[in-house]
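Quick check, what structure comes out for this input:
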Amino acid sequence: MLKSFLIEKISQNKTIKTPNLKGLVALLRAVENDGKHCADEALLAGVAFGSGVIQLTQNLGQTNELGMQILVNSSLTLVGPIAISFIIVARLTPAWINQKYLSAEENIVKIIIPAGLGGSLLNLYLFWAAVLGGVLMSTRRDFAGEFRDVLDYLQPISLAHSCLETSIYTSMAATWALVETAKGRKAGKDKELVTSSILVHTFAIIMLLKILIQFISQHGLRI
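Numbering: from 1, shown residues only. Below is the predicted model of the structure:
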């Protein structure tokens, strides 16, 4: 009696845990796939931005220390989240449109959540690539010292906030892309028209969200 009860419980646990494990594997694969599609662009954008900021501050006669502070703050609060969101939308929209019909739960696990997690990870890529670009462009020529300075005034809460903000943008962009794709299929629209509409509307949504976050932060609240 006890043996049959234990066998039944073990079989129930296997039945419950297996789908969860499969879902986790599918989620991680989706995040990895999104990262592979967008990592190169994120790294290039980071290096270009970082080197550009330092060159600009040097042309204005400012110190390298001030230039790196501007680079870190602008990358975390403005350029990183916006640039990564645009990169993800531009690179992944065709894949989202060509995705076969999925249930609402599958869309969340395979597209929306990976877009959010991938956005956060790519934001880190862009940030450190920007720091690298800034250090390489610096006239100080003390690479180790530059990185130590960055770590000294880099606040972990600001980095986490930047990644969270990016995740919000990319998740919203993916959700909107799925909505527009479903509407386009019902209306029989060409994929090119649907893609164009998604790009325009998601860019507008991201900018509106950024304005909202800036407005709230300016008045003493943090998201």
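
Against which helices or strands is the helix or strand Leu92 falls within packed?
Leu92 belongs to helix 80-98 when elements are defined using DSSP states H and E. Applying 3 or more CB pairs under 8 Å, 6 or more residues apart in numbering; DSSP states H and E, one finds that helix 80-98 contacts helix 2-59, helix 113-137, helix 156-187, helix 191-218. Glycine gets a C-beta too; all of them are placed from N, C-alpha and C.

Which one of those lies nearest to Ala104?
Closest to Ala104 of the helices and strands packed on helix 80-98 is helix 156-187 (CB to CB; 9.2 Å).

re the thing from before, now the helix holding Leu92: how far from the chain's centre is it?
Helix 80-98 sits 9 Å away from the centroid of its parent chain (CA atoms, centre = their mean, to the nearest Å).

mind showing which ranges of this structure have poor pLDDT?
The chain contains residues with pLDDT under 70 at 1-30, 34-35, 100-102, 220-223.

wait, what's in contact with the residue sitting nearest the centre point of the chain?
For the chain, the residue nearest the mean C-alpha position is Gly119 (1.3 Å; CA atoms, centre = their mean). Neighbouring residues of Gly119 by CB atoms under 8 Å, 6 or more residues apart in numbering: 84-85, 88, 163, 166-167, 169-171.

I'd like those as a markdown table, with distance to Gly188 and neighbour count appended.
Listed next are the contacts of Gly119 as a markdown table, based on distance: CB to CB, whole Å; neighbours: other CB atoms under 10 Å:
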| residue | distance to Gly188 | neighbour count |
| --- | --- | --- |
| Ile84 | 33 | 32 |
| Ser85 | 29 | 30 |
| Ile88 | 27 | 27 |
| Cys163 | 39 | 23 |
| Thr166 | 34 | 28 |
| Ser167 | 34 | 22 |
| Tyr169 | 30 | 28 |
| Thr170 | 28 | 32 |
| Ser171 | 28 | 22 |
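
residue contacts, Asn98?
Neighbouring residues of Asn98 by CB under 8 Å, 6+ apart: Lys191.

Who are the contact partners of Thr77?
By CB under 8 Å, 6+ apart, the residues touching Thr77 are 158, 162.

Quick check: the gap between it and Ala83.
If you measure Thr77 against Ala83 using CB to CB, to the nearest Å, the figure is 12 Å.

Also Val31?
Distance, Val31 to Ala83, by CB to CB: 19 Å.

So for those two, which sits in the more crowded spot?
Using other CB atoms under 10 Å, the more surrounded residue of Val31 and Ala83 is Ala83, with 22 against 19.

Quick one: residues contacting the more buried one.
Taking CB under 8 Å, 6+ apart, we find Ala83 in contact with 42, 45, 49, 126.

do that again at 10 Å, thanks
When contacts are counted by CB atoms under 10 Å, 6 or more residues apart in numbering, Ala83 is found next to 41-42, 45-46, 48-49, 75, 122-123, 126, 130, 166.
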